[in-house]
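>>> after the sequence you'll find the predicted model.
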Amino acid sequence: MDYLNRVRQGVDSQLRQIASVKRLLEGKLDRDTYVRYLLRVAHQYAPHSPKVMAIAASRCTDTHPELAAYLLHHAAEEQGHDAWALHDLHDLGVPDSAVKSALPVPSCDAIIGYNYYVAAYGNPVGLHGWM
């Protein structure tokens, strides 16, 4: 547990050095950064979250039923977050054409692919750091 806490603290420290994270924590996040974030949530991240969690849950049903129930419950809670992001983009006045033409970000695709791998082939407990 000490090791995991040290890793978490290290990641937290690194995240806090990123300019956009600093601005967010100071309450000064600019609109363009928020729009880019929402585009990633709407098109890349949120559509996959419930699926990844459900895959992991399916692997735990016989051996760790409590973990399977938790993952399925959390997967259900994650459904629709992409629609929330799309609504926020609309409320911010982002044109539908810009939303539809948003290109995937390779780093986001990489973490999604890794999470599918962990859920389907690795240890589903590994998703907890991502969740």
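Sure thing, it's come through.
>>> please enumerate the helices of this structure.
With DSSP state H as the criterion, the chain has helices at 2-15, 19-25, 31-40, 49-60, 65-78, 81-91, 96-100, 106-120.
>>> just send those helices back as TSV, with distance to Gly126 and mean neighbour count too.
Yep, even glycine has a C-beta here, placed from its N, CA and C like the rest. Converted to TSV, the helices of the chain look like this (distance: least, CB to CB, whole Å; neighbours: other CB atoms under 10 Å):
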stretch	distance to Gly126	mean neighbour count
helix 2-15	12	10
helix 19-25	23	13
helix 31-40	22	16
helix 49-60	9	21
helix 65-78	12	16
helix 81-91	21	15
helix 96-100	32	11
helix 106-120	4	15
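>>> can you lay out these as JSON lines showing distance to Met131 and mean pLDDT?
What follows is the helices of the chain, written out as JSON lines (distance: least, CB to CB, whole Å; pLDDT from 0 to 100):
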{"stretch": "helix 2-15", "distance to Met131": "13", "mean pLDDT": "85"}
{"stretch": "helix 19-25", "distance to Met131": "19", "mean pLDDT": "89"}
{"stretch": "helix 31-40", "distance to Met131": "17", "mean pLDDT": "91"}
{"stretch": "helix 49-60", "distance to Met131": "7", "mean pLDDT": "94"}
{"stretch": "helix 65-78", "distance to Met131": "7", "mean pLDDT": "93"}
{"stretch": "helix 81-91", "distance to Met131": "13", "mean pLDDT": "94"}
{"stretch": "helix 96-100", "distance to Met131": "26", "mean pLDDT": "90"}
{"stretch": "helix 106-120", "distance to Met131": "9", "mean pLDDT": "92"}
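>>> just want the most central residue of this structure.
For the chain, the residue nearest the mean C-alpha position is Tyr45 (5.2 Å; CA atoms, centre = their mean).
>>> for the closest residue to it other than its chain neighbours, give its distance to Tyr114.
Spatial nearest neighbour of Tyr45, chain neighbours left out: Cys108 (6.3 Å); criterion: CB to CB, 6 or more residues apart in numbering. From Cys108 across to Tyr114, the span is 11 Å (CB to CB, to the nearest Å).
>>> many thanks, have a good one.
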